[in-house]
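> okay, here's the prediction I keep looking at, along with the sequence it came from:
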Amino acid sequence: MKYALVTGGSRGIGKAIAIKLAQDLGYHILLNYHSNTQAAKVTAKIIEENHVKCELLAFDVADAKATKNVLGNWQKSNPEAVVEVIVNNAGITKDGLFMWMGEDDWHSVINTSLNGFYNVTQQFVKSMLQKRYGRIINIVSLSGVKGNPGQVNYSAAKGAIIAATKALAQEIGKRKVTVNAVAPGFITSDMTADFDEKELKKMIPLQRFGEAEEVAELVSFLASKKASYITGEVININGGLYS
């Protein structure tokens, strides 16, 4: 059985991606979430309407031991299962000016995005190389591409993943495993709920926020065989909002 693993998949962009991978590519879904069990169950129900399995895996991607235990135990229990697609979507923000930023606000954001990428991807990359096929897709951000005031921690985390994406793509391309990053701009979600949409829209050439489903369409393409010759790329999806 072929699976796609989506981290931070209970809501928002992660939810849309998980649903799309099931709909478009017929993957069974491993849906990681941190704490919102109710939202994860709702998402799983929608995914299973596409006649695929959705297994819920609750763990914090920043916790190396927990990540290894949960994913390792799942693999032992499902020896025939193959994870072909990893979407590293889990991330948190703790915004504030750098000069006032506490250690926890720095480390928790870095640990979730950057260490989470390592903890999850490390678990399955060897299998992808052995099978000579895989798709690793990292959800980064406009903040990681151009930097964003008040988000030095988040920009640092996402910028680091962009660099890691490019390097890993060069390491493992010969085994037909592609590694790409998707950098959303302002997308309607819980993360942007407090933003001044009316003001921000004026900066965006397309004059609107994006939808999670639009990001999911791009991820679905990158996860498909149609994207076999694309690797090491950072694809912006931001309505034309560039620095």
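Yep, it's here.
> okay, and the helix or strand of the protein with the least pLDDT?
Lowest on mean pLDDT, DSSP states H and E among the helices and strands of the chain sits helix 197-200, with a mean of 76.
> who's in contact with the spatially most central residue of the chain?
The residue lying closest to the centre of the chain (Cα atoms, centre = their mean) is residue 89, at 1.9 Å. Going by Cβ atoms under 8 Å, 6 or more residues apart in numbering, residue 89 touches 6-9, 13-14, 17, 139. Where you see a C-beta, it was placed from the backbone N, CA and C, and this is true even at glycine.
> check what pLDDT it gets.
At residue 89, the pLDDT value in this model is 97.
> ok, residues contacting the helix or strand harbouring residue 22?
Using DSSP states H and E, residue 22 sits within helix 12-25. Applying Cβ under 8 Å, 6+ apart, the external contacts of helix 12-25 come out as 4, 6-9, 27-29, 31, 39, 43, 46-47, 50, 52, 54, 85, 87, 89-90, 139, 184, 187, 189-191, 211-213, 215-217, 219-220, 223-224.
> ok, residue 103 to residue 63 distance?
From residue 103 over to residue 63 the distance is 18 Å, taken as Cβ to Cβ, to the nearest Å.
> ugh, typo on my part, it should be residue 33
Separation of residue 33 from residue 63 (Cβ to Cβ): 13 Å.
> one more: residue 78?
To residue 63, residue 78 is 22 Å away according to Cβ to Cβ.
> over to residue 34?
Distance, residue 34 to residue 63, by Cβ to Cβ: 10 Å.
> one more: residue 239?
Distance of residue 239 to residue 63, given as Cβ to Cβ: 35 Å.
> neighbour count for the two, which is higher?
Using other Cβ atoms under 10 Å as the criterion, residue 239 and residue 63 rank with residue 239 on top: 20 against 17.
> how about that one, nearest residue that isn't a chain neighbour?
In this structure, residue 239 finds its nearest non-sequential neighbour in residue 206, 3.7 Å apart by Cβ to Cβ, 6 or more residues apart in numbering.
> name the residues linked to residue 178 by a beta bridge.
In this entry, residue 178 is beta-bridged to residue 135, by DSSP bridges.
> where do the strands sit along the chain?
Under the criterion DSSP state E, strands of the chain are mapped to 2-6, 28-33, 54-58, 82-88, 134-139, 177-184, 234-237.
> show me what stretch 31-51 is in contact with.
Contacts to stretch 31-51, defined as Cβ under 8 Å, 6+ apart, come from residues 5-11, 15, 18-19, 22-23, 26, 29, 54-61, 90, 120.
> for this protein, which helix is longest?
helix 152-172 (DSSP state H).
> so what touches that helix?
Contact with helix 152-172 is made by 88, 91, 93-95, 98, 101, 105-106, 109-110, 112-114, 117, 121, 125, 128-129, 134, 136, 138, 140-141, 143-145, 147-148, 178-181, 183, 231-232, 234, as judged by Cβ under 8 Å, 6+ apart.
> now stretch 37-57: mean pLDDT?
Mean predicted lDDT for stretch 37-57 stands at 97.
> check the offset of that stretch from the chain's centre.
17 Å (Cα atoms, centre = their mean, to the nearest Å).
> what is the burial count for residue 55?
Using other Cβ under 10 Å as the criterion, residue 55 is surrounded by 17 other residues.
> can you pull the buried residues of stretch 94-102?
Using 16 or more other Cβ atoms under 10 Å as the burial criterion, the residues of stretch 94-102 that qualify are 94-95, 101.
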